[in-house]
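Undergrad: take this sequence and fold it.
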Amino acid sequence: MTIFSFSWRRFPNALFLVLALAGIAVGPAVAQETSSSRQLERIDVEAPARRPAARTPTSPVEDVDYDQVDPSAIPSREDRGAASDVFSGSGIPSSTLSLVTDKSRVSIGAASLPAQVQQVTAQDLAEIQTWGETSSFLRRVPGVRSYFFDEGPAGVAMAMRGFYSAREIGIFIDGVPMNVPSSLSGTGRVLMNWLDPELIEKIEVIKGPFSALYGDFAMAGVINIVTKKSDPSPSLKAYGGNLGLFRAFGVLSSENTVPIPFLTQNFYTMDGYRENAQQKRYGTFNKVSVPTLGGVLSLRWNYFQSSFGIPGYVPISWVKSGQWPRRRTVDPMNDGNLRHYQVVMNYAPSCGERGLYGSLYVDNFDETRYVRYSPLSSSQTGRTQERTFWGGRAYYHMVFGEIASLTVGGELKHDKGDGAQFSAVDRQMTKISYDYGMQLSNWAMFLQGQIKPAKYFKVVGGVRWDWFKQSFDNVTNPQNSGTGYPYIRSPKIGVVLTPTENFNIFGNLGCGFRSPANTEVSPYQTTTNKNFELEPALVQTYDVGCNFTLFGRLYFAADYYHTYTEREIRTVDYQPVNVGSTLREGYELETRFYPGESPDVSVFASYAWVDATVPDPTTPGRDVLTGISEHLIKGGVSIHRDFGAYGKVLVDLDYEYNSGVPGYLSNPTTLIYAPDWDVYNLKLRYEGNGWSSFLSVQCQPREYAGPYTWADSNYRDHVYTPTPKWQLASGLKYAW
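TA: Numbers count the residues shown, from 1 in each chain. Next comes the predicted model:
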């Protein structure tokens, strides 16, 4: 089955024809250096008068030539605030308005893609309480489910566009791919619990596989995270709350020195709501940036370690009937520990978009965890993993005035490590399930171009070529050891129409993919043969959407998508199962309203609907995809008030509703739904004279519902981790 009527084999020829026409169109203009070819010029910046560091930080330094520029000439974040927060004559912040204005521009930025894109800024993250969960960074993003596993740093818990986990979203931090292939907790698992909200400059959420710059696991879309280079000044934050919550976070930074330092320390501890739900975390993030060769070179090193308990999952009906106390743990011996470090180097142009971009990295983690998932389990499941990744990517972005652009690049990732799963009692191994030694490599080339032949029309096209080498040493089933060489080409093409100012209509066609996992090509079961000829799982999708602004006050976006996935693997009763090819259809609506001349008051709301089915299931009767909420509603309001010498006040309130997820019992056609789940969040913040304080409240009103559930055939019910109705946190921050 395919959703496209034309052959993808012809796509590269069509793309190269588009790029050739772009070259013919802009060639004479470039040769003659006419006014249509916009030349990038050095920008001389005068040192502004410093303002108090207590002002709210906003956007990063952009479009400044750092080459031989005195660091005092770089505008501080607080001095840039008024200009970057609001476009002249509009109450809509520039971070929102750029989603519309950038769509028609020829640019390498994510917002210029013919797809639905959302952004989260550092200011957005300062306004919400994350409660120690990285998935909550995207709590306000339309169509993104943010939840938690309650298993310590088990991986990022989020989902979008009818895919049910972060394992189907390509996640990148400073160009480093975060999805772990062939992870024992599910291939594509994302470990980024080390990432604190104070470290983030911006997050770009690209819905769908429509950027050629990103490859493996970018099926539902891409989350691209950029970390800060600096803060305006040193600061220290500490807060506590109920359930034994305490966190301390310190920053040592300055924007007036070269190299520019950004050094942080983080400590977090929490007892948790249930027995054996405690967590302790320590992390350090150290980044140094220096102007060099007309660009900015950044080097960072971060380290994270965590120890944690795992309370396990219990049937909802047991808790409701009183058979199982809601705070009781499944096994007091469930626990784990994780150590994770990265060394990353990035280079990017400092003036404009034209030029060379590059990154190099080394990423290592090792972990051990023991889990008895539910009361009826006779033993714990033990897992140990140790992995080392290294690689990098480089690409060059060429700009042909305001008419066309072309990005050409490549990347390499190599992974070496081992992982084992076994049965255990009281953390003592009793029987080994599987044991793998792994060496994985991924080489890729990508090409992405844009051409704007008319003022109101833009074409964007791209293609990736990905080659893999997968070597698995299957210790428990040696006859299934071997090496495979999967390959896939993933083209994308789309258009943007701008019939009037600040109004865009877009459409696209694209392919995404996921590389095969160790358990798929080298099964540990003796009854299943190896299959190193297995191709990557393919996603084919198309989108149609629009976004626009009205009256300088209202932003609106809408998107419809249709996604077909070949050979989808899902977890059914704790085992990976090929459910067959799947189909997802859905739409998202988003609106933001700013009633005043400035964004002091803003209201947002969004609705996402998806129908996720299995047209030809491998198990007859199971034609509904499990674990996916059909309806997702979000809304909220933010109020800022500046009282001058008396300081500033923020009030932020948001709400999220998720319809109950479906699941199958042992009878193939018995479909049950988990209870609906919703959550309220309120944050009050005061800033003044370098000090700031806050109070946060979270309410989960449904006693027998949770953010993460699944159907367990042993209980003929959904299992979940009971959550507290109320969570409270309060703290102080001081910035020098």
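Undergrad: going by C-alpha atoms from here, please, whenever you check contacts or count neighbours.
TA: Fine.
Undergrad: show me where the protein has helices.
TA: Listed in chain order, the helices of the chain (DSSP state H) span residues 11-32, 77-85, 94-101, 122-126, 316-321, 518-521.
Undergrad: weakest of those in terms of mean pLDDT?
TA: Among the helices of the chain, helix 77-85 carries the lowest mean pLDDT, a mean of 35.
Undergrad: beta-bridge partners for G494, please?
TA: V460, N508 (DSSP bridges).
Undergrad: go ahead and confirm it touches P114.
TA: Yes: under the criterion of CA atoms under 8 Å, G494 lies in contact with P114, with a separation of 5.6 Å.
Undergrad: shared neighbours of the two, anything?
TA: The overlap between the contact sets of G494 and P114 (CA atoms under 8 Å, 6 or more residues apart in numbering) consists of 460, 506-508.
Undergrad: let's see if you can find the most crowded of those.
TA: For the shared contacts of G494 and P114, neighbours were counted using other CA atoms under 10 Å, and V460 has the most, 27 neighbours in all.
Undergrad: show me what contacts that one?
TA: V460 makes contacts with 113-114, 448-451, 493-495, as judged by CA under 8 Å, 6+ apart.
Undergrad: repeat for S471
TA: S471 sits in contact with 438-440, 481-484, where contact means CA under 8 Å, 6+ apart.
Undergrad: now tabulate these in a markdown table and tack on neighbour count.
TA: Rendered in a markdown table, the data for the contacts of S471 read as follows (neighbours: other CA atoms under 10 Å):
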| residue | neighbour count |
| --- | --- |
| M438 | 20 |
| Q439 | 19 |
| L440 | 19 |
| S481 | 22 |
| G482 | 16 |
| T483 | 19 |
| G484 | 19 |
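Undergrad: picking up where we left off before, among the contacts of V460, which pair sits farthest apart?
TA: Q448 and V495 (13.4 Å; CA to CA).
Undergrad: pLDDT at V296, what is it?
TA: Looking at V296, its pLDDT stands at 95.
Undergrad: that one: what's it in contact with?
TA: Contact partners of V296, counting by CA under 8 Å, 6+ apart, are 66, 289-290, 347-350.
Undergrad: switch to 7 Å and redo it
TA: Under the criterion of CA atoms under 7 Å, 6 or more residues apart in numbering, the neighbours of V296 are 289-290, 347-350.
Undergrad: what's across from it in the sheet?
TA: Note on V296: beta-bridge partners P291, A348, judged by DSSP bridges.
Undergrad: check L695 too.
TA: L695 has the following beta-bridge partners by DSSP bridges: L684, S730.
Undergrad: so who does it touch?
TA: The contact partners of L695, by CA under 7 Å, 6+ apart, come to 683-685, 729-731.
Undergrad: just to revisit the earlier point, and the contacts of S471, which two are furthest apart?
TA: L440 and S481 (13.5 Å).
Undergrad: who touches both of those two?
TA: Taking CA under 7 Å, 6+ apart as the contact criterion, L440 and S481 have no common neighbours.
Undergrad: partners of P177 in the sheet?
TA: Listed beta-bridge partners, P177: F172 (assigned using DSSP bridges).
Undergrad: number of residues surrounding it?
TA: By the criterion of other CA under 10 Å, P177 has 22 neighbours.
Undergrad: would you agree it is in contact with I171?
TA: Yes: in this structure P177 lies within contact range of I171 using CA atoms under 7 Å: 6.1 Å.
Undergrad: low-confidence stretches in the chain?
TA: For the chain, residues meeting the criterion pLDDT under 70 lie at 1-89, 570-578.
Undergrad: check contacts around the residue nearest the centre of it.
TA: Among the residues of the chain, the smallest C-alpha distance to the mean C-alpha position (CA atoms, centre = their mean) belongs to I223, namely 3.5 Å. I223 makes contact with 170-172, 203-206 under the criterion CA under 7 Å, 6+ apart.
Undergrad: go on, Q448?
TA: 212, 406-408, 461-463.
Undergrad: how close does G109 get to D216?
TA: G109 sits 20 Å away from D216, taking CA to CA, to the nearest Å as the criterion.
Undergrad: follow-up on the earlier one: of the contacts of Q448, which is the most crowded?
TA: When those are compared by neighbour count (other CA under 10 Å), G461 ends up highest, at 30 neighbours.
Undergrad: nearest residue to K237 other than its sequence neighbours?
TA: Counting by CA to CA, 6 or more residues apart in numbering, K237 lies nearest to K733, which is 4.1 Å off, once chain neighbours are set aside.
Undergrad: from what I can see the one you found touches S693, true?
TA: Yes: between K733 and S693 a contact is recorded at 6.2 Å, counting by CA under 7 Å.
Undergrad: grab the nearest non-local neighbour of L360.
TA: Distances taken as CA to CA, 6+ apart put G392 closest to L360, at 4.2 Å, once the chain neighbours are dropped.
Undergrad: count the residues that sit near that neighbour.
TA: Residue neighbour count, defined by other CA under 10 Å, stands at 20 for G392.
Undergrad: in stretch 638-646, what's buried?
TA: Buried positions in stretch 638-646, judged by neighbour count with 16 or more other CA atoms under 10 Å: 638, 640.
Undergrad: and stretch 489-500, by the same measure?
TA: Buried residues in stretch 489-500, counting neighbours by 16+ other CA under 10 Å, are found at 489-498.
Undergrad: show residues contacting it.
TA: Outside stretch 489-500, the residues within contact range by CA under 7 Å, 6+ apart are 11, 104, 114, 210, 456-466, 504-512.
Undergrad: now a ChimeraX select for only the buried ones of those.
TA: Of the contacts of stretch 489-500, the buried ones can be selected in ChimeraX as follows, counting by 16+ other CA under 10 Å:
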select :11,104,114,210,457,458,459,460,461,462,463,464,465,466,504,505,506,507,508,509,510,511,512
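Undergrad: list the buried ones in stretch 291-300?
TA: Of the residues in stretch 291-300, those buried by neighbour count under the rule 16+ other CA under 10 Å are 291-292, 294-300.
Undergrad: for the residues you listed, work out which two are farthest apart.
TA: Within the buried residues of stretch 291-300, G294 and R300 form the most distant pair, 19.9 Å apart (CA to CA).
Undergrad: with distance to G309 as extra columns, can I get the buried residues of stretch 291-300 in JSON lines?
TA: Written out in JSON lines, the entries for the buried residues of stretch 291-300 read as follows (distance: CA to CA, whole Å):
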{"residue": "P291", "distance to G309": "44"}
{"residue": "T292", "distance to G309": "46"}
{"residue": "G294", "distance to G309": "49"}
{"residue": "G295", "distance to G309": "45"}
{"residue": "V296", "distance to G309": "42"}
{"residue": "L297", "distance to G309": "40"}
{"residue": "S298", "distance to G309": "36"}
{"residue": "L299", "distance to G309": "34"}
{"residue": "R300", "distance to G309": "30"}
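Undergrad: which one of those residues sits closest to P181?
TA: When these are ranked by distance to P181 (CA to CA), R300 comes first, at 23.7 Å.
Undergrad: which residues touch P197?
TA: L125.
Undergrad: how far away is it from L406?
TA: Relative to L406, P197 is positioned 33 Å away (CA to CA).
Undergrad: same thing with E597?
TA: Between E597 and L406 the computed distance is 38 Å (CA to CA).
Undergrad: what do you get for S95?
TA: As judged by CA to CA, S95 and L406 stand 25 Å apart.
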